[in-house]
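Novice: kindly return the folded structure for what I paste below:
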Amino acid sequence: MIKTLSPGTTVLCRQTLMNKIADNFKVIKDVLIVELSDISYVCTPADIIKEDKNPPKFILVVEKDSCFQNLLDDGLLAKFYPIILMTGKGYPDINTRSLLVSFSNLYRNIPILVLTDSDPHGFDIMTIYKFGSKELFRESQNLVCSKVHWLGLLPTDIERFNLPSTLIPFNRYDTSKCAELLKRPYMAQEANKDYLYEVEYLKNLGKKAEIENLASIKDNFLMAMYLPIKLKEINIEF
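Specialist: Sure thing, here's the model as predicted:
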């Protein structure tokens, strides 16, 4: 499902914005047509047919629908305009991954950023976008988006932004999941040493944090401080 709030900015999601459809939407045989002032988008779940005249500065993929909705409500699109915002609502399905690859091919020089909880599941979700899934190994080459960058919430951000009071202790599954992540072949590659460090840090910490924990620092901290800081660190201007 796609919802365009202003020309040049597109929000992407799976079936979470049906109750907010505006007058400029048409759905014909499962194909969504978004009418703007001088250009139309024609989109299917796995394909982007026409390129925007105003390419986004970056694509942000958010792990959870709740965070996705909060970012919309807090004005993320206006603050960082123009961008593309997506969510896979947890572990992404094939259509979500294929859609991201389509955008990656369409906007070859635009960063693709992933925002997840700081826990083993969050890291695992990021790796599915970047490296593919074990379950769909044969299809992975068509579903992998290798230029994905894990923006946060990084395990090292927990100390950096002083979040210890809001942490959730690991359970047995979290510990075993971390151990499994560390054994994956790509974790031994030099190019992924930062990921290795983050997961080892998380395992040694033995605690996890959710994106929403940033609100314990200050209301709207994610939008007002965290995202601007992280984007500037990777040289994205807004």
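Novice: doesn't P92 fall inside a strand?
Specialist: No: the secondary structure assignment for P92 gives coil rather than a strand, going by DSSP: H, G, I helix; E, B strand; the rest coil.
Novice: show me what contacts it?
Specialist: Under the criterion of CB atoms under 8 Å, 6 or more residues apart in numbering, the neighbours of P92 are L100, I125, I128, Y129. All C-beta atoms are positioned from the backbone trio N, CA, C, and that covers glycine.
Novice: quick check, nearest of those residues to D74?
Specialist: When those are compared for distance to D74 (CB to CB), I125 wins out at 22.0 Å.
Novice: okay, the contacts of P92 in a markdown table with secondary structure next?
Specialist: Formatted as a markdown table, the entries for the contacts of P92 read as follows, by three-state DSSP:
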| residue | secondary structure |
| --- | --- |
| L100 | helix |
| I125 | helix |
| I128 | helix |
| Y129 | helix |
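Novice: farthest pair in those residues?
Specialist: L100 and I125 (12.2 Å).
Novice: so which of the contacts of P92 is the closest to K79?
Specialist: In terms of CB to CB, no member of the contacts of P92 lies closer to K79 than L100, at 22.1 Å.
Novice: and the strands in the protein?
Specialist: 2-6, 9-12, 25-28, 31-35, 40-44, 47-48, 59-62, 84-87, 112-115, 148-152, 168-169, 207-208 (DSSP state E).
Novice: pull up the pairing partners for the last one, direction included.
Specialist: According to DSSP bridges, strand 207-208 forms sheet pairs with strand 168-169 (antiparallel).
Novice: for the record, mean pLDDT for the strand it pairs with?
Specialist: Looking at strand 168-169 alone, the average pLDDT works out to 88.
Novice: and the contacts of that strand?
Specialist: Strand 168-169 is contacted from outside by D119, G206, K207, K208, A209, E210, using CB under 8 Å, 6+ apart.
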